[in-house]
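Undergrad: build me a model:
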Amino acid sequence: MDTFTKWNIETKISTITVDNCSTNDGMISIILEKLYGDLLYDGAILNMRCCAHIFNLIVKDVLSTIEHSLARIRDSVAFWLATPQRVENFEEVAKQVKLSYGKKLSLDCKTRWNSTYLMLQTAIQYNDVFPRLRIREKHHTNVPTELDWELANKVAEKLQHLYAITQLFSGRKYLTTNCFFIQICDLRINMVEWMNSDGEIIKATSSKIFEKFEKYWSVVHIVLAVVVILDPRYKMKVVEFYFPMIYGENALSEIEQVKTTFYNLFNDYQSQIKSKYHGTSILPTQVIENSSFYDSKYE
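TA: A predicted model of the protein is given here:
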């Protein structure tokens with residue numbers, strides 16, 4: 001806390017992103033207590049849940065539903081990547097069944113779900129190759145079944161959206177925060193569809209992961225909505241588009257809550273700026289106070 005004070009960190013941050021962990025909750029409580037009054041909006045938006053952490057929890061649950069199928073697919077991929085000769089045999093059989101061996105098999109890292117998704121995505125393309133190879137290599141008996149491939153395909157479809165969002169959020173050469181709201185809204189809508197999909201295994205898992213996602217959504221959706229409003233491409237239109245699909249008859253009250261939070265944040269920020277530059281000739285708020293031709297024409 002001494003370092004925070006020395007760096008005047010309370011005047012430079014509005015949110016802190018942390019994992020869903022009781023230790024982190026305790027840390028945030030201490031920071032709020034020490035810096036209360038100096039933080040934007042009295043620290044009401046300080047604690048932001050980590051999107052990547054939530055995704056990891058969700059994917060872990062999804063993959064656990066096909067644990068045995070995934071193990072057989074992983075074993076098969078590992079077996080046919082073990083030696084150059086086996087790789088050559090795999091490529092040869094792939095060509096025999098008229099499959100282009102453009103995307104090579106890859107073995108995943110069990111602790112990194114994105115690599116597991118990429119392994120499944122590629123292996124599924126060659127699902128007809130594995131049983132044919134069993135004739136050549138009789139020692140390899142742990143071959144994935146048709147049900148294994150069916151389940152893997154359904155799970156890969158679900159992970160595809162999560163993987164795409166993760167790739168977008170991990171960008172370093174462009175702004176990402178303004179992209180969160182739209183992607184998270186799409187994901188939430190998709191999760192509702194997953195719960196109504198065919199297959200009891202997928203339904204049961206979808207309900208479980210939706211419950212976890214809702215805890216994350218309830219904490220961050222207002223702040224993410226405020227951020228996307230600041231994007232001139234979207235403003236309030238994107239919030240007014242998604243909330244009726246998500247909240248139904250309660251959409252109007254949720255939209256009003258977003259507006260209220262937005263105005264409160266703006267007013268608080270404006271008052272902090274005025275206080276900071278009080279008595280100086282530099283008043284950034286003058287830019288806000290003076291209406292432009294654009295404002296008068298379109299307000």
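
Undergrad: residue 70 sits in which helix or strand?
TA: Per DSSP states H and E, residue 70 falls inside helix 67-80.

Undergrad: and that helix, what's buried?
TA: 69, 70, 72, 73, 74, 76, 77, 79, 80 (16 or more other CB atoms under 10 Å). All C-beta atoms are positioned from the backbone trio N, CA, C, and that covers glycine.

Undergrad: quick one: which of those residues is nearest to residue 113?
TA: The closest of these to residue 113 turns out to be residue 70 (CB to CB; 11.0 Å).

Undergrad: can you pull the contacts of the closest one?
TA: Neighbouring residues of residue 70 by CB atoms under 8 Å, 6 or more residues apart in numbering: 63, 116, 120, 152.

Undergrad: so which residues of this structure form strands?
TA: 16-18, 47-49 (DSSP state E).

Undergrad: just the buried residues of the lengthiest helix in the chain, please?
TA: Looking across the chain with DSSP state H, the single longest helix is helix 200-229. Neighbour counts over helix 200-229 (16+ other CB under 10 Å) mark 202, 205-206, 208-210, 213, 216-217, 219-229 as buried.

Undergrad: same question, stretch 140-154
TA: 140, 143, 144, 148, 149, 151, 152, 154.

Undergrad: save these as CSV, and put in pLDDT too.
TA: What follows is the buried residues of stretch 140-154, written out as CSV (pLDDT from 0 to 100):
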residue, pLDDT
140, 81
143, 89
144, 93
148, 94
149, 95
151, 91
152, 93
154, 89
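
Undergrad: can you pull the domain assignment for the protein?
TA: The record's domain split for the chain, according to automatic domain parsing, is 1-49, 61-158, 171-278.

Undergrad: list just the one of these that sits closest to residue 55.
TA: Of all those, domain 61-158 sits nearest to residue 55, with 8.0 Å by CB to CB.

Undergrad: any idea how far that closest one is from the chain center?
TA: In this view, domain 61-158 has its centroid 26 Å away from the chain centroid, taken as CA atoms, centre = their mean, to the nearest Å.

Undergrad: okay, how far is it across that domain, tip to tip?
TA: Start-to-end span of domain 61-158 (CA to CA, to the nearest Å) is 12 Å.

Undergrad: that older thread, which neighbouring elements make contact with the longest helix of the chain?
TA: Judged by 3 or more CB pairs under 8 Å, 6 or more residues apart in numbering; DSSP states H and E, helix 200-229 is in contact with strand 47-49, helix 51-64, helix 146-169, helix 177-195, helix 237-247, helix 251-276.

Undergrad: switch to 7 Å and redo it
TA: Packing contacts for helix 200-229, counted by 3 or more CB pairs under 7 Å, 6 or more residues apart in numbering; DSSP states H and E, involve strand 47-49, helix 51-64, helix 177-195, helix 237-247, helix 251-276.

Undergrad: export those as JSON lines, with columns for distance to residue 131, mean neighbour count and mean pLDDT.
TA: What follows is the helices and strands packed on helix 200-229, written out as JSON lines (distance: least, CB to CB, whole Å; neighbours: other CB atoms under 10 Å; pLDDT from 0 to 100):
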{"stretch": "strand 47-49", "distance to residue 131": "44", "mean neighbour count": "17", "mean pLDDT": "70"}
{"stretch": "helix 51-64", "distance to residue 131": "23", "mean neighbour count": "18", "mean pLDDT": "86"}
{"stretch": "helix 177-195", "distance to residue 131": "29", "mean neighbour count": "17", "mean pLDDT": "86"}
{"stretch": "helix 237-247", "distance to residue 131": "43", "mean neighbour count": "16", "mean pLDDT": "93"}
{"stretch": "helix 251-276", "distance to residue 131": "50", "mean neighbour count": "14", "mean pLDDT": "84"}
